[in-house]
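Trainee: coords please:
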Amino acid sequence: MKRLLRDNIVIVLIFALLHFAVALVSRLLDYYDDIPLTLLTITMVIVVAMRNETRVEMVAVLTLGATLLGFLIGSWLWEPLEILTGSSHLAPAISTFAITMMLGVATDYVTRTAKRFPSHNPTWRLTAADIIIIATSILILRLIYVV
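Mentor: Residues are numbered from 1 along each chain as shown. All right, here's what the predicted structure looks like:
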């Protein structure tokens with residue numbers, strides 16, 4: 001159990017670093033980073049939740065919640081950080097990193113403590129198609145509430 005927790009934290013850290021890099025490069029290229037960051041968040045939540053054998057319904061709810069919170073918190077957190085750092089490129093990347101770490105750790109905690117699949121059904125697993133369908137559906141919903 002402790003190893004799974006440690007491994008999941010490493011996975012969350014990797015995703016947070018990827019979020020940081022995407023946000024920084026997007027700002028440097030003057031590119032809108034909303035879609036790549038949303039896809040990274042969706043993927044992170046699904047990976048962490050799958051590793052903790054979480055029910056599909058909960059994965060969907062957590063993914064929607066994480067993308068919504070990430071967007072809302074990220075929309076205002078980078079501005080105070082820009083004042084502190086003095087950089088319009090670095091501030092969004094730092095806020096994205098912090099938000100991703102927070103959401104990833106929270107996802108890991110919630111999925112570790114939530115009701116898991118019964119142990120008598122160890123063969124059920126999400127397929128790649130399931131992940132793509134869930135991620136695409138959540139991305140579409142995410143775009144709808146932004147537009």
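
Trainee: From now on I want contacts and neighbour counts done on CA atoms only, so please keep to that.
Mentor: Will do.

Trainee: Helices of this structure, residue ranges please.
Mentor: For the chain, applying DSSP state H gives helices covering 2-28, 34-51, 56-85, 90-113, 128-146.

Trainee: ok, of the ones you listed, where does mean pLDDT dip lowest?
Mentor: For the helices of the chain, the bottom mean pLDDT is recorded on helix 128-146, which sits at a mean of 73.

Trainee: any idea how far the spatially most central residue of the chain lies from residue 80?
Mentor: Residue closest to the mean C-alpha point of the chain, counted by C-alpha atoms, centre = their mean, is residue 41 at 2.5 Å. Distance of residue 41 to residue 80, given as C-alpha to C-alpha, to the nearest Å: 23 Å.

Trainee: Could you do residue 17 as well?
Mentor: Residue 17 is 21 Å from residue 80, where distance means C-alpha to C-alpha.

Trainee: These two: which has the busier surroundings?
Mentor: More crowded of residue 17 and residue 80, by other C-alpha atoms under 10 Å: residue 17, with 19 against 13.

Trainee: can you pull the contacts of the more buried one?
Mentor: residue 97 (C-alpha atoms under 8 Å, 6 or more residues apart in numbering).

Trainee: cool, and the one 10 residues further on?
Mentor: Residues in contact with residue 27, defined by C-alpha under 8 Å, 6+ apart, are 33, 88, 89.

Trainee: Now pLDDT, distance to residue 108 and neighbour count too, for those, in TSV please.
Mentor: What follows is these, written out as TSV (pLDDT from 0 to 100; distance: C-alpha to C-alpha, whole Å; neighbours: other C-alpha atoms under 10 Å):
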residue	pLDDT	distance to residue 108	neighbour count
33	78	25	15
88	78	31	16
89	82	29	19
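
Trainee: Thanks again, I'm all set now.
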